[in-house]
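Q: Just need the structure, nothing else, for what follows:
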Amino acid sequence: MFVWMWRGLNSFGVVLSGEELSPNDEKIGMPRSVVAFSILFTKNLKEAVSASVIKNRASSYNNIIISPEGVVSVEGSATDYEMLKPNRGIFVHSNHFTGQKMLKYEFSDENDFHNISSKSRSASGKRQAESLIRPNFEVGIEDVKRIMRSHEYGESGNSICSHGERICTVFSFIYKYGNSYFEAVTGNPCQNSYDRINI
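A: Below is the predicted model of the structure:
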């Protein structure tokens, strides 16, 4: 098992990534970091999804789970969840709820700076990822790195690679399923190099 900042993968091929969300129904219960970590002790997609929605959780991340059986995003709060799947092989998510069922759990006001920033980053990532879709073309790690280094809206908190005082990029983690390594960078990917980490 390899774990890095509550993301990782295990020997059964279950990979976990995701983002922090701001649900409005947090309660006393199992911390979301423990819930996320428990996903990495599962053997398949069904077990991983079950672990991510354990009933006594205090809150939840957006848990992106990849396994030999498929890919799913479990967008969760303390009391509810929605499973989202890639569209045309693309899945882009940032730090706000996107599932119709989960919108009511968004803590941030629609005009809140963090919410606006998250939606801008998500729209930018989706637009850039969709531009790569064409026949007989496989998206590679270098393509993903270009998106992660994007300053579409300048270096503000609204760009994927954010340098703002209130919103900034903390790290980036890229894993192509089946590879024997992943690549990660701490800080802004436009200023720092990705390190290859063998697994």
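
Q: Only C-alpha atoms from now on, for both contacts and neighbour counts.
A: Will do.

Q: how about the strands in this structure?
A: Secondary structure of the chain (DSSP state E): strands at 2-4, 7-9, 15-19, 62-67, 70-76, 81-84, 152-155, 171-174, 181-186, 195-198.

Q: For the fourth one, which helices and strands make contact with it?
A: Read that as strand 62-67. Secondary-structure packing of strand 62-67 (3 or more C-alpha pairs under 8 Å, 6 or more residues apart in numbering; DSSP states H and E): strand 15-19, helix 45-52, strand 70-76.

Q: List the neighbouring strands of the first one plus their orientation.
A: Applying DSSP bridges, strand 15-19 is found paired with strand 7-9 (antiparallel), strand 62-67 (antiparallel).

Q: for these, which one ends up most surrounded?
A: Highest mean neighbour count of those: strand 62-67, a mean of 24 (counted as mean count of other C-alpha atoms under 10 Å).

Q: How many residues are close by the closest residue to Cys168 other than its chain neighbours?
A: Nearest residue to Cys168, sequence neighbours excluded (C-alpha to C-alpha, 6 or more residues apart in numbering): Ser162, at 4.5 Å. Residues within reach of Ser162, counting by other C-alpha atoms under 10 Å, total 27.

Q: Ser162 reaches Ser172, doesn't it?
A: No - the pair Ser162 / Ser172 is not scored as a contact, 11.6 Å apart, by C-alpha atoms under 8 Å.

Q: re the thing from before, quick one, which of the helices and strands packed on strand 62-67 is nearest to Cys168?
A: strand 15-19 (13.7 Å; C-alpha to C-alpha).

Q: Now do that closest one and helix 45-52, the angle between them.
A: Counting by axes from the mean of the first three to the mean of the last three C-alpha atoms, to 10 degrees, strand 15-19 lies at 40 degrees to helix 45-52.

Q: Figure out how far strand 15-19 is from the centre of its chain.
A: Between the centre of strand 15-19 and the centre of its chain there are 5 Å (C-alpha atoms, centre = their mean, to the nearest Å).

Q: Flag every buried residue along it.
A: Within strand 15-19, the residues scored as buried using 16 or more other C-alpha atoms under 10 Å are Val15, Leu16, Ser17, Gly18.

Q: now stretch 24-34
A: Of all the residues in stretch 24-34, those buried under the rule 16+ other C-alpha under 10 Å are Glu26, Met30, Pro31, Arg32, Ser33.

Q: same thing with stretch 43-60?
A: For stretch 43-60, by 16+ other C-alpha under 10 Å, it's Asn44, Leu45, Ala48, Val49, Ala51, Ser52, Val53, Arg57, Ala58, Ser59, Ser60.

Q: I'd guessed the fifth one sits against Arg32; true?
A: No - in this structure Ala51 lies outside contact range of Arg32 using C-alpha under 8 Å: 11.0 Å.

Q: By residue count, which helix of this protein is the longest?
A: Longest helix in the chain by number of residues (criterion: DSSP state H): helix 113-130.
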